[in-house]
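Asks: Predicted model follows, preceded by the sequence.
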Amino acid sequence: MITHGNKNLREVALTFDDGPFPNFTAKVLDALEAYQIKATFFCIGRQVQAFPDLTLRAYKAGYEIENHSWSHPDMTGLSLKGQYWQLQHTSNTIERVTHQRPLAMRPPYGAYNASSLQLATSLRLVAVAWDVDAHDWSRPGTDTILHNVLDYVKNGSIILMHDGGGDRSQTLAALPKIIETLLGRGYRFVTIRQLLSRLPHEHK
């Protein structure tokens, strides 16, 4: 399970879970495009199926579309066959829309066990978590989201935020300040694929 990138590099990966989601995903994309920065979307398979145009917009704009299961279950409570279906069906759906197969998967709730990781490996998916959690899913207020991110970011951080799964107006309100502050601190924004490609060899 990868939780961060290369700690020697002044870069971070901004990641968004649970989309694509009408209204909010588009506005996240607008904000990212305004600052011309890279980000990665860990998408729910059934949301990709429901909103292929939104998925394709993100992909064509240069953002990564990765696997966050089909319906967001706790994977550790599923049979191996159930876990396989969740990941494989999602990868197939993403590939059908974007013509690129996902490289990474993120288990819902960050819940995994040894069999989850072995299964991901067998499907040629790198398991990716995070080391900075915005806790924006709980809608704690824009200022709290800002502190949850900006107080903990360091070299190589993977930042967890959400563009789906509910009202993400607080996330949208916090996003420009997060981007501007991190750019001001000299961070470069990279995708998960870029981050993985620059991991120290002991992680590969």
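Replies: That came through, no problem.

Asks: isn't there a strand covering Phe189?
Replies: Yes: checked against DSSP: H, G, I helix; E, B strand; the rest coil, Phe189 lies within a strand.

Asks: Run through this structure and note the low-pLDDT ranges.
Replies: Scanning the chain for pLDDT under 70 picks out the ranges 202-204.

Asks: burial count for Ala114?
Replies: Neighbourhood size, Ala114 [other C-beta atoms under 10 Å]: 7. To be clear about C-beta, it is placed using only N, CA and C from the backbone, and glycine gets the same treatment.

Asks: Would you mark the buried spots in the top helix by length along the chain?
Replies: Longest among the helix segments of the chain by residue count, using DSSP state H, is helix 80-98. The neighbour-count criterion (16 or more other C-beta atoms under 10 Å) identifies Gln83, Gln86, Leu87, Gln88, His89, Thr90, Ser91, Thr93, Ile94, Val97, Thr98 as the buried residues of helix 80-98.

Asks: Check the offset of that helix from the chain's centre.
Replies: 16 Å (C-alpha atoms, centre = their mean, to the nearest Å).

Asks: Also stretch 50-65?
Replies: Relative to the mean C-alpha coordinate of its chain, stretch 50-65 is positioned 13 Å out (C-alpha atoms, centre = their mean).

Asks: Could you do stretch 39-59 as well?
Replies: With C-alpha atoms, centre = their mean as the basis, stretch 39-59 stands 11 Å off its chain's centre.

Asks: Just the buried residues of that stretch, please?
Replies: Judged by neighbour count (16+ other C-beta under 10 Å), stretch 39-59 contains these buried residues: 39-45, 47-49, 51-52, 54-56, 58-59.

Asks: which parts of the helix or strand Ser115 falls within are buried?
Replies: Using DSSP states H and E, Ser115 sits within helix 114-122. Taking 16+ other C-beta under 10 Å as the neighbour-count basis, helix 114-122 is seen to contain the buried residues Ser116, Leu119, Ala120.
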